[in-house]
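Enquirer: Take a look and give me a structure for this.
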Amino acid sequence: MKRFLKWVKKSLEQRATKLVLSMKDFFELDEQSYIDVLLRREDMANFIGVATESFIRKLGQFQKRGWIKTKRKKIKILDQEALLRISSGFS
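Expert: Below is the predicted model of the structure:
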């Protein structure tokens, strides 16, 4: 339970970066370096406990900052260091 509460206390940005980084650790990369798993944005948002629209907006912000690239349902990490800083609470 304590572990879950720590997760919930994190900001949306921290939870979203942590999710993207975790996906990279758990799933293979395809030939174009996209994370090779097809998850709906709704499922990802539910996993971290936020509204789908909020999660989609956050992914869009990450893309504008040059941290990730999306292609349909796939995500490619472009700046892992930036994501790591955010997920650990440093910006």
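Enquirer: Just give me the residue right at the centre of this protein.
Expert: The C-alpha lying nearest the average C-alpha coordinate of the chain belongs to V20 (C-alpha atoms, centre = their mean; 2.9 Å).
Enquirer: pretty sure it is in contact with L83, am I right?
Expert: Yes. Under the criterion of C-beta atoms under 8 Å, V20 is in contact with L83, at a separation of 6.3 Å. (Glycine included, C-beta is placed from N, CA and C.)
Enquirer: can you list residues touching both of the two?
Expert: Counting by C-beta atoms under 8 Å, 6 or more residues apart in numbering, the residues touching both V20 and L83 are 62, 68, 77.
Enquirer: Look up how far K24 lies from D30.
Expert: As judged by C-beta to C-beta, to the nearest Å, D30 and K24 stand 12 Å apart.
Enquirer: Of these two, which one has the most company?
Expert: Each of D30 and K24 had its neighbours counted (other C-beta atoms under 10 Å), and the higher figure belongs to K24 (18 against 13).
Enquirer: Next, the contact list for the more buried one, please.
Expert: Each residue near K24 by C-beta under 8 Å, 6+ apart is listed here: 35, 77, 80.
Enquirer: S33 belongs to a helix?
Expert: No. Assignment of S33 by DSSP: H, G, I helix; E, B strand; the rest coil gives coil, placing it outside any helix.
Enquirer: before we move on, what SS does R85 have?
Expert: The assignment at R85 comes out as helix when based on three-state DSSP.
Enquirer: Ok, L39 next?
Expert: Each residue gets one of three states, and L39 gets coil by three-state DSSP.
Enquirer: from what I can see it touches K73, true?
Expert: Yes. At 6.6 Å, L39 counts as touching K73 under the criterion of C-beta under 8 Å.
Enquirer: Just the mean pLDDT for stretch 28-38, thanks.
Expert: Per-residue pLDDT values over stretch 28-38 give a mean of 94.
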